[in-house]
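**Student:** build me a model from this:
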Amino acid sequence: MAARAHPVPEDELAYCADVYSQRLSGLRRFGVEALTGDADLRLCRVRVTEHSVLIGGSDPTYGRGVDSRSAVTL
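**Tutor:** The predicted structure follows:
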């Protein structure tokens with residue numbers, strides 16, 4: 001995959017940090033203060049721009065003799 005990452009806007013940060021923390025139950029929760037200012041961490045949103053699959057060269061249907069990649073339409 002290829003993707004572009006952008007920081008979560010400040011007005012959405014509290015909500016996104018809460019959602020992120022809920023999905024990783026049992027791990028440290030991050031509040032806005034841990035993700036802004038002089039803090040070392042940032043929360044980013046990623047948008048995939050390109051996706052491909054690896055096709056083995058010996059694949060009976062799509063193989064070409066050598067491993068290759070095929071783009072997947074998103």
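
**Student:** C-alpha from now on. contacts and neighbour counts both.
**Tutor:** OK.

**Student:** which parts of the protein are helices?
**Tutor:** Counting by DSSP state H, the chain has helices at residues 10-23.

**Student:** parallel or antiparallel, which strands does the biggest strand by length in it pair with?
**Tutor:** Longest strand of the chain, by residue count under DSSP state E: strand 44-55. Strand 44-55 has the following sheet partners, assigned by DSSP bridges: strand 2-7 (antiparallel), strand 68-72 (antiparallel).

**Student:** any chance of the ones you listed in CSV, plus distance to residue 30, mean pLDDT and mean neighbour count?
**Tutor:** Below are the strands paired with strand 44-55 laid out as CSV (distance: least, C-alpha to C-alpha, whole Å; pLDDT from 0 to 100; neighbours: other C-alpha atoms under 10 Å):
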stretch, distance to residue 30, mean pLDDT, mean neighbour count
strand 2-7, 15, 95, 11
strand 68-72, 35, 90, 11
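
**Student:** any chance of TSV for these, columns distance to residue 33?
**Tutor:** Below are the strands paired with strand 44-55 laid out as TSV (distance: least, C-alpha to C-alpha, whole Å):
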stretch	distance to residue 33
strand 2-7	15
strand 68-72	39
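
**Student:** so for residue 35, which of those strands sits nearest?
**Tutor:** Comparing the strands paired with strand 44-55 by their distance to residue 35 (C-alpha to C-alpha), the top pick is strand 2-7, with 10.0 Å.

**Student:** any idea what the most centrally placed residue in the chain is bridged to?
**Tutor:** Central residue of the chain (C-alpha atoms, centre = their mean): residue 46, 5.1 Å from the mean position. Per DSSP bridges, the residues bridged to residue 46 are residue 5.
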